[in-house]
Each structure stands twice: as structure tokens, then as C-alpha cells.
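Trainee: With the input below, show me the fold.
(one chain, ligands or ions: 1)
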Amino acid sequence: MEDYKFLFKVVLIGNSGVGKTCLVRRFTQGVFPKGQGATIGVDFMIKTLEVENSAGQREAVKLQIWDTAGQERFRSITQSYYRSAHALILVYDLSCQPTFDALNDWIREIQEYANPKVLKILVGNKTDRDDREIPVRVGEEFAKAHDMYFLETSSKQGENVEKLFYEIAAELIEQARQKGGLSRNHHNSSVTNLGMKNNISSFQSNCCSGGVGTNNNSSN
Ligand SMILES: Nc1nc2c(ncn2[C@@H]2O[C@H](COP(=O)(O)OP(=O)(O)OP(=O)(O)O)[C@@H](O)[C@H]2O)c(=O)[nH]1
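Mentor: Reported below is the predicted structural model:
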């Protein structure tokens, strides 16, 4: 059996077409998929990583990464995945204003369905595009106002994708340590809030399959 100390569930949400599936594929498989369709329902992939903890020791962490469909018609399915998430990644497309405008609706979803103390990360994806509509500062301010960590990514070029997931893993380990021993399959139901939101600049310096129910694509 694979040896890992922590298992965390990370769920990606956001409008259809913002690049959630591509972020997951880039991270778990190292590819930018071409020509795949919209996610149907939910999908998940698994990746095991080694993360250095605050004591300088390396720890094996298994991330179960859930990719949800952005389309409205799947909302009742995807909502049911929020509750048990350790981290929620809310993604918008920085070249598409409506996907940013929709963030308030997504925040309401999170408030209604997720654990109140879930780790929340706002991600502006598609930094490679030259038709940006959302300035970095606007994304940052939204994140700050909603107690979220912030990062801009390109799943096409890979910019910040590893950083996104590694920092999430590191933060969740730290929370687990503070709570005194979250480990395999234990839901972190009472994580305390988050050094992350105070650490935007360091996170910032440098984040696509499916079926109703799930497809399990594993990549280690
Ligand atoms: N330029 C650019 N295009 C991207 C990037 N990430 C995704 N895309 C494109 O955006 C489109 C949508 O990507 P998906 O990953 O399928 O979007 P999604 O958020 O999973 O969409 P749903 O499954 O419908 O919720 C595709 O045409 C991708 O090629 C990126 O970083 N840069």
C-alpha cells in the first residue's frame, strides 16, 4: 500500500470554461489537454506529493482533487461535494469579466454548502492571454475581502500550478498539526483560519474529463 501521512480533499469550482479541468490535468498529468468537452457532474484525480513541513521534514500527502462542472445544470450535484472539502479553489478566467462577476454567486454557494472554516483560494486563470480584463489588484482585493488566498495561474503554460497545490498541501498540513493530528481520511472539520490570507504576496510570486458520479483518474 502506498505510504502517505495525510489525505486532503480539494474541490475546484467556478464558471464553465474558466479552466478548472485544465488546472487539474496540468498538475496531475503535466499536460494541457486539447479539445476536451465540459465536465459532466464531477470528476476526480489523485496525486501524492512530498511537502516540506515547518520543521523542515518532508511529508507524503495525498491530494484527492475534485473537478466540478461549472454549468448551472449540474449545480445540485456539485454542491454536495463542498461539505467535505478541506480546500476550495474558486477559479475565474482573468480574460472574461462575466466569470469574475459570478464570484459573488459562488461565494454564496460556499457560504451555504461548505464548511465555514474551509481553506478558500481564489484563482485567476489564463495569465498567458494578452486580453486580460481583470487586473491583478482587483482579484487580490476580492480575495482579501472574502478571506481567501489569491493566486494567478496559467494551466496552458503551467505558471503557478504546482505552487497552488503544494501551498495548499503545506497549509493543510500546518493546520492539521495545530489541531493535533489530522491524518488519513480524517476530515478536518474545524480548521482554524488560515495564515494564507496574510501571505498573499508569497503565494502570488509565482494554478480539465468526468461523468455524473465520478471518473477516477489516478496519477502519482
Ligand atoms: N489560454 C488559456 N486557455 C485555457 C487555460 N486553461 C484552460 N483554457 C481553455 O479554456 C477552455 C475551458 O477549459 P476547461 O478546463 O475545460 O474549463 P472548465 O472550467 O473545466 O469548464 P467546465 O468543465 O465546463 O466547468 C478550454 O478551451 C481550454 O483550452 C489557460 O491557462 N490559458
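
Trainee: So which residues of the protein form helices?
Mentor: Assigned by DSSP state H, the helices in the chain fall at 20-29, 75-79, 97-101, 103-113, 136-145, 161-179, 200-204.

Trainee: Mind giving me the packing neighbours of the fifth one?
Mentor: Contacts defined by 3 or more Cβ pairs under 8 Å, 6 or more residues apart in numbering; DSSP states H and E place helix 136-145 against helix 97-101, strand 119-125, strand 149-153, helix 200-204. C-beta: built from backbone N, CA, C; applies to glycine.

Trainee: To Gln175, which of those lies closest?
Mentor: Among those, the nearest to Gln175 by Cβ to Cβ is strand 119-125 (7.4 Å).

Trainee: Now mean neighbour count and mean pLDDT too, for the helices of the chain, in JSON lines please.
Mentor: Formatted as JSON lines, those follow (neighbours: other Cβ atoms under 10 Å; pLDDT from 0 to 100):
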{"stretch": "helix 20-29", "mean neighbour count": "25", "mean pLDDT": "96"}
{"stretch": "helix 75-79", "mean neighbour count": "15", "mean pLDDT": "87"}
{"stretch": "helix 97-101", "mean neighbour count": "16", "mean pLDDT": "98"}
{"stretch": "helix 103-113", "mean neighbour count": "15", "mean pLDDT": "96"}
{"stretch": "helix 136-145", "mean neighbour count": "16", "mean pLDDT": "98"}
{"stretch": "helix 161-179", "mean neighbour count": "20", "mean pLDDT": "92"}
{"stretch": "helix 200-204", "mean neighbour count": "15", "mean pLDDT": "36"}
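
Trainee: Ok, which of those helices comes nearest the ligand?
Mentor: Closest approach to the ligand among those is made by helix 20-29 (3.4 Å; Cβ to the nearest ligand atom).

Trainee: how big is the angle separating the closest one from strand 119-125?
Mentor: Using axes from the mean of the first three to the mean of the last three Cα atoms, to 10 degrees, one finds that helix 20-29 and strand 119-125 are set 100 degrees apart in direction.
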